[in-house]
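Peer 1: A structural model of the following input is requested.
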Amino acid sequence: MADFKIYSPTSETHITPAEGKIKLGSSNVLKIYQGSTLVWPISSGPDDSYTPIDGANFRFLAHKYSAPYFGIFDDQFNEVNTGYTFSSLPNLTTYRVGAISDNFTYMIASGNATSEIVLLSTNNGESWSSLEFSANNSDCHMSKSGQVMVIGSSNNTLEVSNDYGSNFTTHNLNNIITSGTSIILFSKISLSAGGKYILVAVLVSGNPSDENDYRYLVSTDYGATFNDVTSTVGFPNLKTNNNLVSVQDVLVSGDGKYQIYFQGSSAPEAYGYSRYSNDYGVTFSDKAYQRIDYNERGRMSNTGQYFILGTATQAYYSDDYGASTPLSTINNSGAQYLGVSNSGKYSLSIAFNTSIVKYSDDFFSTFTSISIPSSVLGNYLLVDVS
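Peer 2: Predicted structure coming up:
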């Protein structure tokens, strides 16, 4: 978040005014924005301040065999003229776009099933710059605003930028976990719309044999700091009959209010509930969603009312903030690729090893099947375009 300052004649410096010190006539100014980004006050309560774009049409980024190896498409797989001249990825074999912001202004590309040098575009794909670390595209994440970027690097550290990619800070989460000695892998990373909330599920090594090996780390300050909140989430710490907590997906709403940790174990019910918060992660309760091997690709709308997740062969969704259980299913679809727009109006799901996309343009009310042309391939990233 930008730091709004005004000049103070008494101190002859620029200062950040306190709340209640800026007025329009006799009324207090409550918030000041630069475009859609809140720049004052610095702290404005628990909500994430960014208001995402409400996409006017179904649009997604997908990949193709000819340079520049990616494009923006509509719901019939027609490539859309964006007005931008995309600069090519190095190649299609080793690189894919892994994360995008609203209006695809900011993009991250990296390894396709391999760890490759991460590439960043800050100008709608018209040029790419190389970052100083490597990652798989599935470990690249970005807030809808583009302000916060979180990348699980190949050495199991987090690379975090909260200034639109200008600078990255390395976070060694081994120094933050409260149990275990080191992180083996990042199970799932999710960001709120402006990036104020970052939820990270990790698998650790070095725990006693009777303790669970998943830890949950959260940032509430745009990635400046992370804290181990495992005890707050409230999964049992000890294994039961060799069953362990195995969180396979984590979702957070755009404002940070809804936070859900999806239990992927086939453990007994008393041990296998998912954990659900509707108060910004302050408290959690049990939620009896399906206990299956979710594949860490879930997506949630800005308000949290609509979300979609699943396995390679079955997609699940909610249109009521996750209140109802079990989750609803999408027939003949899976979760190899998933997307849901900021409003929840548009969504897509693609099963593993199929050439059919199931999409909805009416808030999950109906789903339409479209054959994917042989010239188009994943990743498929739903993007909100103004």
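
Peer 1: how long is stretch 183-200 end to end?
Peer 2: Length of stretch 183-200, first residue to last, Cα to Cα, to the nearest Å: 12 Å.

Peer 1: starting at the chain centroid, how far to it?
Peer 2: How far stretch 183-200 lies from its chain's middle: 7 Å, per Cα atoms, centre = their mean, to the nearest Å.

Peer 1: then stretch 290-309?
Peer 2: Offset of stretch 290-309 from its chain centre (Cα atoms, centre = their mean): 11 Å.

Peer 1: also stretch 304-314?
Peer 2: Mean-position distance between stretch 304-314 and its chain equals 14 Å (Cα atoms, centre = their mean).

Peer 1: buried ones in that stretch?
Peer 2: Residues 304-312, 314 are the ones in stretch 304-314 that count as buried (16 or more other Cβ atoms under 10 Å). Bear in mind the C-beta positions are built from the backbone N, C-alpha and C, glycine included.

Peer 1: where's the dip in pLDDT among those?
Peer 2: Minimum pLDDT across the buried residues of stretch 304-314 is recorded for residue 312, with 89.

Peer 1: how near is residue 261 to residue 199?
Peer 2: Look at residue 261 and residue 199: by Cβ to Cβ, to the nearest Å, they are 8 Å apart.

Peer 1: hey, what's in contact with both of these two?
Peer 2: 216, 250 (Cβ atoms under 8 Å, 6 or more residues apart in numbering).

Peer 1: more neighbours: those two, which one.
Peer 2: For residue 261 versus residue 199, neighbours defined as other Cβ atoms under 10 Å are more numerous around residue 261 (28 against 23).

Peer 1: quick one, what contacts that one?
Peer 2: Contacts of residue 261 (Cβ under 8 Å, 6+ apart): 201, 216, 233, 235, 247, 250, 274-275, 284.

Peer 1: among those residues, which lie within helices?
Peer 2: Under the assignment DSSP state H, these contribute residue 233 to helices.

Peer 1: quick one, domains of this protein?
Peer 2: 6-40, 60-382 (automatic domain parsing).

Peer 1: gap between residue 288 and residue 85?
Peer 2: With the distance defined as Cβ to Cβ, residue 288 ends up 50 Å from residue 85.

Peer 1: looking at those two, which is more packed in?
Peer 2: Higher neighbour count among residue 288 and residue 85: residue 288, with 13 against 10, using other Cβ under 10 Å.

Peer 1: any chance of the buried residues of stretch 304-314 in JSON lines with distance to residue 114 and secondary structure as columns?
Peer 2: Formatted as JSON lines, the buried residues of stretch 304-314 follow (distance: Cβ to Cβ, whole Å; DSSP: H, G, I helix; E, B strand; the rest coil):
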{"residue": "304", "distance to residue 114": "34", "secondary structure": "coil"}
{"residue": "305", "distance to residue 114": "37", "secondary structure": "coil"}
{"residue": "306", "distance to residue 114": "33", "secondary structure": "coil"}
{"residue": "307", "distance to residue 114": "30", "secondary structure": "strand"}
{"residue": "308", "distance to residue 114": "27", "secondary structure": "strand"}
{"residue": "309", "distance to residue 114": "25", "secondary structure": "strand"}
{"residue": "310", "distance to residue 114": "25", "secondary structure": "strand"}
{"residue": "311", "distance to residue 114": "24", "secondary structure": "coil"}
{"residue": "312", "distance to residue 114": "20", "secondary structure": "coil"}
{"residue": "314", "distance to residue 114": "28", "secondary structure": "coil"}
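
Peer 1: residue 383 contacts residue 99, correct?
Peer 2: No - using Cβ atoms under 8 Å, residue 383 is not in contact with residue 99; the gap is 10.6 Å.

Peer 1: so residue 170 is in which element?
Peer 2: Using DSSP states H and E, residue 170 maps to strand 169-171.
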